[in-house]
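Enquirer: I need the structure of the sequence given here:
(chains A and B)
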Amino acid sequence: MRGTPNGSGVVERWRVRRVRGLSRPRGGSRKFNTAPRPGWSWSAPWLYLAPALVVLGGLLVYPIYQLGLISFFQYTQAQVSGGEPTTFEGFGNYSALFSDSEFWQVLLATVLFAAACVVSTLAVGCALAVLLTRVRALPRLALMMAALGAWATPAVTGSTVWLFLFDPDFGPVNRILGLGDYSWTYGRFSAFFLVLLEVVWCSFPFVMVTVYAGIRAVPGEVLEAAALDGASQWRIWRSVLAPMLRPILTVVTIQSVIWDFKVFTQIYVMTNGGGIAGQNLVLNVYAYQQAFASSQYGLGSAIGVVMLLILLAVTLGYLRLLRRQGEEL
Amino acid sequence: MKLSPRLAVLLTAPVLVITACAPQTSTNSSSEKDDKSGTLRVWLFQEVGNKPKEKVVDSVVAAFEKAHKGTEVDVEYMAVDTRAQRVKAAFNDPKSAPDVMEYGNTDTAGYVKDGGLLDVTREFGDWSEGKDTDPTARTSVTVDGRMYGAPFYVGVRALYYRTDVFKKLGLQPPRTMAELASTARRIRAARPDLYGLVVGGAYTYGAMPFVWANGGELATGKGGSYTSAIDSAAAQKGIKAYTSLFGDDNCPAAKCAVMGGNDTITAFAAGKAGMAIGGDFSHTAVEAGKVKGAYAVVPLPGVKAGSIAPAFAGGNNIGVLKSTSHRTLAVDLMEQLTSKKTQAEMFGAMGFLPTFSDVRDQAAAKEPYVKPFAQTLAAGTRFVPASPGWSQIDSQLVLPTMLQEVISGKKDVAAASREAAAKMNDAFGSAG
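Expert: A predicted model of the protein is given here:
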């Protein structure tokens, strides 16, 4: 779809009308369509969309509605099981959350950590995708299998294995690097770094496979022309591949942002529920610890709503940025 | 009238919001019925090596069914890890809830607030054996002066030490807390491959005896309204004593700060520590480890020579659910499951310490390893505040965070304990 500056709804409606207009002269056998009943004109598309909308509404809107609703109530286990009456709190849960200084620290750490994870994942994924197109069949198969293995590994298993690799007493990494009994999980940054490695390891395959598929779809002549013009590998990536892969990279980036912002298992398992004195807490683990583990569903929902809004803002902001650069998705 | 679809959605949305204005709540009022026959459902914990427990329970159940014609008892063992979810589900849906249930004693106040447990104060008072229940066990089923179950067993921690290491280094079991620290450092100095006394930054119930021995308290108050006392001068002294054990001269902070209670026992059982603070329930794990036959247990020493540091009285209770439709039968079954006879058999089968002092003394006479734990219990034990706020404090890791802040040098004892006290008061207040 080629872009018009105003919303796409206008385009859509105009197109529908035009199509119907065109069909009129031909329509000997389609008399019913040419004489629409009153009200049919606007309800028809909604009727066709209804099944999908019902499913979407049930799966997306209703839970989000419940989440938002619960976040305005004092709603703990005592209320769920009827031990105490449910009380409306207004923005009480939100003000409790925003006045907690730990929340802001955790939020900052989450944003920085997620950003580092996204950048590293994309860098590793794209680099390996390019590598995949350059190597012979056998090494390519090996790399693919290794990546798919990492992808298929459950997060808990992967985290435990990484933890074991970096164990101060028995881990092979410390032995190879000659670090003695250095504890990776003790320092704040080394612990975050260790988790980052695991997150990148288990999420780069998605980026790699998707980008690899994208590169395969790029016509060979374009790359050949660039090579003939004497462009370096880096230049080909930057000026030819990256712009052509833009829609794919966009999807991959948004996916990674959402995944890495919501990371839970890796932090929970590798830093033992948030690290020494909570130094490695991220938003999801914080929500679990502060709210869900002690059945404070109201507060937990408030954290969920805040997270949802942040992710929406990041995604929309990113899409707008792309759009302003003249790309329509 | 022709409505645009967007307008229609905008108009219907508020209607939906209004019709479903409050989140769901189940009605968990106490059942009025008191059937004298039918099926009673019982949920008990699934222990590691559960067979002996099942045997004892089966004999109790057989006797109960014989005594009450027309009743049937359906016992189910629930996994310990997922019990919190199951219990919540049972409170939410009284139809699928059991009549009688085993639960951890630190959960009592929370479950009462959730409206799940039946007040059995009157029945407990009428029960002939109830009078002999020891005072701490009694506290663990009491909230606001009312009783919500019967104690099933207790667990306390004491000091495990390596007899072979002590003999070689010419050491004696420590008699005071100061001696405990110096002994630990001497072991580490002579045997750098061992932790002197293995301690954990996330091991709340290993740290609390240090606070209690120094005259500190977790919280003060009664009847639901508690105030944290973890930042008092005495408590701070205890925190300092415990956290000073983290360091290269005993238990390096880089490794020990993250450890919980189980990690310290694992380290001791694997022969990597000279001493450890472990419970009577750790006995099996240590026996199964490398150090079998080369260790002994003494009560954890207090501040003064010859005194015993107050230990935390853990353990489980058995209670009746509010939603039961067989009130009389369920209470009777609860009493049978926690009777002196059952507890004595359960000790033989599982090593659970009885909650009746006389039964416990008989047990100690039979099994010598029980002696230091029985001594610790006799010297007086402590319990966590009987407030629903405690489960929040526990799951928000307030105390481990405080210990770890001090251990890692992020905060000093005064600042860390002040912050922990503020968080505890928040929890007591909000759970009220």
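Enquirer: isn't there a helix covering B:Ile277?
Expert: No - applying DSSP: H, G, I helix; E, B strand; the rest coil, one finds B:Ile277 to be strand, outside a helix.
Enquirer: what's around it, how many residues?
Expert: 27 (other C-beta atoms under 10 Å in any protein chain shown). In short, each C-beta sits where N, CA and C put it, glycine included.
Enquirer: you'd agree it is up against B:Ala207?
Expert: No - contact criterion C-beta atoms under 8 Å: B:Ile277 and B:Ala207 do not qualify, at 9.0 Å.
Enquirer: Quick check, the residue in chain B closest to chain A?
Expert: Relative to chain A, the nearest point of chain B is B:Gly115 (2.5 Å; C-beta to the nearest C-beta).
Enquirer: For that residue, which residues are in contact?
Expert: Listed by C-beta atoms under 8 Å, 6 or more residues apart in numbering or on different chains, the contact partners of B:Gly115 are A:78, A:81-84, B:28, B:91, B:322.
Enquirer: The closest residue to B:Glu345 other than its chain neighbours sits in which helix or strand?
Expert: Among residues not flanking B:Glu345 along the chain, B:Val56 sits closest, at 4.8 Å (C-beta to C-beta, 6 or more residues apart in numbering or on different chains). Assigned by DSSP states H and E, B:Val56 belongs to helix B:51-67.
Enquirer: Just name the shakiest helix or strand of chain A by mean pLDDT.
Expert: Ranked by mean pLDDT, DSSP states H and E, the weakest helix or strand in chain A is helix A:8-26, scoring a mean of 43.
Enquirer: Around the residue lying closest to A:Asp167 once chain neighbours are set aside, how many other residues sit close by?
Expert: Spatial nearest neighbour of A:Asp167, chain neighbours left out: A:Asn174 (7.6 Å); criterion: C-beta to C-beta, 6+ apart. Counted with other C-beta under 10 Å, residues neighbouring A:Asn174 total 19.
Enquirer: The one 5 residues further on now?
Expert: Counted with other C-beta under 10 Å, residues neighbouring A:Leu179 total 14.
Enquirer: which residues does it contact?
Expert: Applying C-beta under 8 Å, 6+ apart, the residues contacting A:Leu179 are A:Val173.
Enquirer: how would you label it: helix, strand or coil?
Expert: Going by three-state DSSP: A:Leu179 is coil.
Enquirer: Phi, psi for it please.
Expert: Dihedral pair for A:Leu179: phi -90, psi 0, per degrees, to the nearest 10.
Enquirer: Look up how far chain B lies from it.
Expert: For A:Leu179, the distance to chain B equals 12 Å [C-beta to the nearest C-beta, to the nearest Å].
Enquirer: Show the pLDDT at the residue lying closest to the residue of chain B closest to chain A once chain neighbours are set aside.
Expert: Ranked by C-beta to C-beta, 6+ apart and with sequence neighbours excluded, the top spatial neighbour of B:Gly115 is A:Gly83, at 2.5 Å. On pLDDT, A:Gly83 comes in at 72.
Enquirer: how deep is A:Gly83 tucked in, by neighbour count?
Expert: By the criterion of other C-beta under 10 Å, A:Gly83 has 23 neighbours.
Enquirer: Contact partners for it?
Expert: A:77, B:28, B:91, B:113-116.
Enquirer: Of those residues, which one scores lowest on pLDDT?
Expert: Least confident entry in the contacts of A:Gly83, by pLDDT: B:Asn28, with 56.
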